[in-house]
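Colleague: what would the 3D arrangement of this be:
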Amino acid sequence: MPEDQQLQFQRVKDRRALSVQVYDQLVDVLRKDAVPGALIPPELQLSQDLGVSRTVLREALRLLEEDGVIERAVDPRRRQLAQPGSNPPAFNAPLEQMLSVSGEMSLRVVRHGPLAPTSWSRNLLETPPDCNEVIARETLFLQGDEPIASALEVVTTEVLKGARPIDAGAPPATLLHDLGPKFRSKCVATLWRLSKATSGGRSRAGFKDIDRDVPLVTLTTVLRRNGKPVFLAKYLLRLDMLSLNVGNI
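Modeller: From the prediction side, this is the model:
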């Protein structure tokens, strides 16, 4: 990107943590208006544009580097939008960051809210016997009108208390994305199991009419924080229309 092509940032001003607002603003502008390798403005200029302290900005930049959105430039004092494949998403990244498709991908939240825990979620989340409610979200990934993936994610109500508030007005996203970079930065993947999808997977929203010959796999993952399971997901992936990219844990 030429030096005279300026990225336009707005001052952050809602009630969420400032570093989270800065993170979201940078992701939105960089992915819409910048190309891989585009330099991010120096910290002093960027903090003035966003109306935040350099301490808050540095925390957001650190999280962006951890998530593979930005990377150090040739001059290590500067950062740039990461080159494709140069820093693949970690195993604790949201599914939308792991998927590569040819063309535009959209998301639709099919359902979100409390559910009674099943033996599957009780076992993998290690919930106590008196736990009678978990929070689940099902998100459908589309290319045009064609379903290409589905995410079923489960957390306990306790986890949501400590995570950033989920913004109902934000664009559709997976639950792990909306739990925020601070939540993800403290999590490690302790289960990452890929297997052939059973017939039950085709009951997911959007997949009921998919031809039986279409290759489907499921990816089950558990994230732990301080040794305790805090996030569970089962992803349904259509391998004829996407690829899955991950890097270091």
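Colleague: quick one: the helices in the chain?
Modeller: Remark: helices assigned in the chain by DSSP state H are 18-33, 43-50, 54-66, 95-98, 119-125, 157-162, 175-179, 181-185.
Colleague: backbone phi and psi for the residue positioned nearest the centre of the chain, please?
Modeller: Averaging the C-alpha coordinates of the chain gives a centre point, and the residue nearest to it by Cα atoms, centre = their mean is P94 (2.6 Å). Listed backbone geometry of P94 is phi -60, psi 150, with angles given as degrees, to the nearest 10.
Colleague: identify the residue nearest it in space, chain neighbours excluded?
Modeller: Distance criterion Cβ to Cβ, 6 or more residues apart in numbering; nearest residue to P94, sequence neighbours excluded, is H177 at 3.8 Å. To be clear about C-beta, it is placed using only N, CA and C from the backbone, and glycine gets the same treatment.
Colleague: thought the one you found was touching P89?
Modeller: No: using Cβ atoms under 8 Å, H177 and P89 do not qualify as a contacting pair, with a distance of 11.4 Å.
Colleague: overlap in contacts of these two?
Modeller: With contacts defined as Cβ atoms under 8 Å, 6 or more residues apart in numbering, the residues shared by H177 and P89 are Q97.
Colleague: on that earlier part again, which residues touch the residue nearest to P94?
Modeller: Per Cβ under 8 Å, 6+ apart, neighbours of H177: P94, E96, Q97.
Colleague: try 10 Å
Modeller: Contact criterion Cβ atoms under 10 Å, 6 or more residues apart in numbering gives 93-97, 107, 139, 151, 153, 166, 170-171, 184 as the residues in contact with H177.
Colleague: R58: which of these is nearest?
Modeller: Closest to R58 out of the contacts of H177 is R184 (18.0 Å), distances taken as Cβ to Cβ.
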